[in-house]
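Based on what follows, work out the 3D shape:
(chains A, B, C and D)
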Number of protein chains: 2
Amino acid sequence: MDATAPQSPAGLRTTPSWLLNQAATHAGRLISAGFAVHDLRGYHYRLLAALAESGPASQADLGRRCAIDRSDVVAAVNDLTGRGLVVRAPDPADRRRNVISLTEAGADEAHRMADTVARVQDDLLAPLSSAERDQLTRLLTRLLEHHSGH
Amino acid sequence: MDATAPQSPAGLRTTPSWLLNQAATHAGRLISAGFAVHDLRGYHYRLLAALAESGPASQADLGRRCAIDRSDVVAAVNDLTGRGLVVRAPDPADRRRNVISLTEAGADEAHRMADTVARVQDDLLAPLSSAERDQLTRLLTRLLEHHSGH
DNA sequence: TCAGAACGTTGGCTTCACCAACGTTGGTAG
DNA sequence: CTACCAACGTTGGTGAAGCCAACGTTCTGA
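Numbering: from 1, shown residues only, chains lettered A, B, ... in the order given. All right, here's what the predicted structure looks like:
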């Protein structure tokens, strides 16, 4: 992003979807920079976080929880197994499923990435007071609940 | 997005950068659907909006104002000229530059797209009161100002 | 005047979000 | 029990969006 950007058109600048887009883009830059240190990307973190929090799960379940398409879960899990962060095993109780579990290294990495993410939040929300951060979080949460709870 | 998504990990669900990402993704889906009717995409709208608001400009200027890379401006302007929405002319005062101007059809399309965008905002912000919408807008604006004003 | 900056352009890359199709396996209605 | 349909993992592909490096041309400032 050009720091020296002339004022963008008001037609964009005052449009919530534009603001969301730009704020998310910027957050994404910070997050990506943080993840680069771990040599991992967004999909990887989402999966590790889900596994660290709720334990082993099928790929389909992970996809639903992390908002990642089934086919993209395959590739990301491949990456993670290749790095020894995760193990893929057939589910004896349902032979359609694979059970994905964290290895010890995976659990460690999940913690480290969570720390990185936490630092990025502070960076991202620097200009806001703690009350304002809560406000923003609540507004966004309501938005998402409305649009997913249908 | 799966409407039936089981609860995502709290480690994500309560993280502002995740909320921003998801909200922006959803907004993007609504916006894209709206733009599909016009057979145009996000970059096209940004450029048309900037031109409609501030008049003719060089490609580099447009790129800075719309947060689009120089090289991507080239392609988008090519598209727009191909549709007769925009004209590209060399700047006699600075032969490095091209001056991009809206045609009449381009100005019309800019208005129609602005209407589409306005409708999408209402859809997107449906769950929020007008005061809350202002709050959200202000918080996001402050975030962006902080991170671009450096 | 001459070095460096700005401009437009080409070509390439990565991430993320999707979609369609297939074979395999489970569950269920008849 | 069988037929049918749903769910799962997988492959392969698409497109938008955001970037970066390099080049030749043109302008500008020291």
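
quick one: contacts for the residue lying closest to A:Gln59 once chain neighbours are set aside?
The shortest distance from A:Gln59 to any non-neighbouring residue, by Cβ to Cβ, 6 or more residues apart in numbering or on different chains, is to A:Val73 (4.7 Å). C-beta here means a position set from N, CA and C on the backbone, and glycine is covered the same way. For A:Val73, the contacting residues are A:43, A:47, A:59-60, A:62-63, A:66, by Cβ atoms under 8 Å, 6 or more residues apart in numbering or on different chains.

Can you tell me the element A:Val73 falls in?
helix A:70-82 (DSSP states H and E).

for chain A, which helix is longest?
helix A:16-38 (DSSP state H).

buried residues in it?
By 16 or more other Cβ atoms under 10 Å in any protein chain shown, the buried positions in helix A:16-38 come out as A:16-24, A:26-27, A:30-31, A:34-35.

hmm, back to that, including distance to A:Leu124, neighbour count and pLDDT, could the contacts of A:Val73 go into JSON lines?
Converted to JSON lines, the contacts of A:Val73 look like this (distance: Cβ to Cβ, whole Å; neighbours: other Cβ atoms under 10 Å in any protein chain shown; pLDDT from 0 to 100):
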{"residue": "A:Tyr43", "distance to A:Leu124": "20", "neighbour count": "18", "pLDDT": "97"}
{"residue": "A:Leu47", "distance to A:Leu124": "22", "neighbour count": "30", "pLDDT": "97"}
{"residue": "A:Gln59", "distance to A:Leu124": "30", "neighbour count": "20", "pLDDT": "97"}
{"residue": "A:Ala60", "distance to A:Leu124": "31", "neighbour count": "13", "pLDDT": "97"}
{"residue": "A:Leu62", "distance to A:Leu124": "26", "neighbour count": "23", "pLDDT": "96"}
{"residue": "A:Gly63", "distance to A:Leu124": "26", "neighbour count": "24", "pLDDT": "97"}
{"residue": "A:Cys66", "distance to A:Leu124": "20", "neighbour count": "25", "pLDDT": "96"}
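
ok, the residues you listed vs B:Leu125, which is closest?
Distances from B:Leu125 to these, taken as Cβ to Cβ, are shortest for A:Cys66 (25.6 Å).

If you drop the residues flanking it in sequence, what lies closest to the closest one?
A:Cys66 sits nearest to A:Arg46 (Cβ to Cβ, 6+ apart), 3.9 Å away.

Please look at the one you found and A:Ile68 and confirm they touch.
Yes - using Cβ atoms under 8 Å, A:Arg46 makes contact with A:Ile68 at a distance of 6.4 Å.

out of those two, which sits in the more crowded spot?
Per other Cβ atoms under 10 Å in any protein chain shown, whichever of A:Arg46 and A:Ile68 has more neighbours is A:Arg46, with 23 against 20.

for that one, what are its contacts?
Counted by Cβ under 8 Å, 6+ apart, A:Arg46 has contacts A:66-68, B:9, B:12.

and for the helix or strand where A:Glu145 lies, what are the contacting residues?
Assigned by DSSP H and E, A:Glu145 falls within helix A:130-148. Helix A:130-148 is contacted by residues A:125, A:128, B:1, B:3, B:5, B:13-14, B:16, B:19-20, B:22-23, B:26, B:124-128, B:132, B:135-136, B:139-140 when judged by Cβ under 8 Å, 6+ apart.

Grab the most central residue of chain A for me.
A:Arg46 (4.5 Å; Cα atoms, centre = their mean).

Give me the contact status of the helix or strand encompassing it with DNA strand D.
Assigned by DSSP H and E, A:Arg46 falls within helix A:42-54. No - Helix A:42-54 does not reach DNA strand D (Cβ under 7 Å from any atom of the strand); its nearest approach is 12.3 Å.
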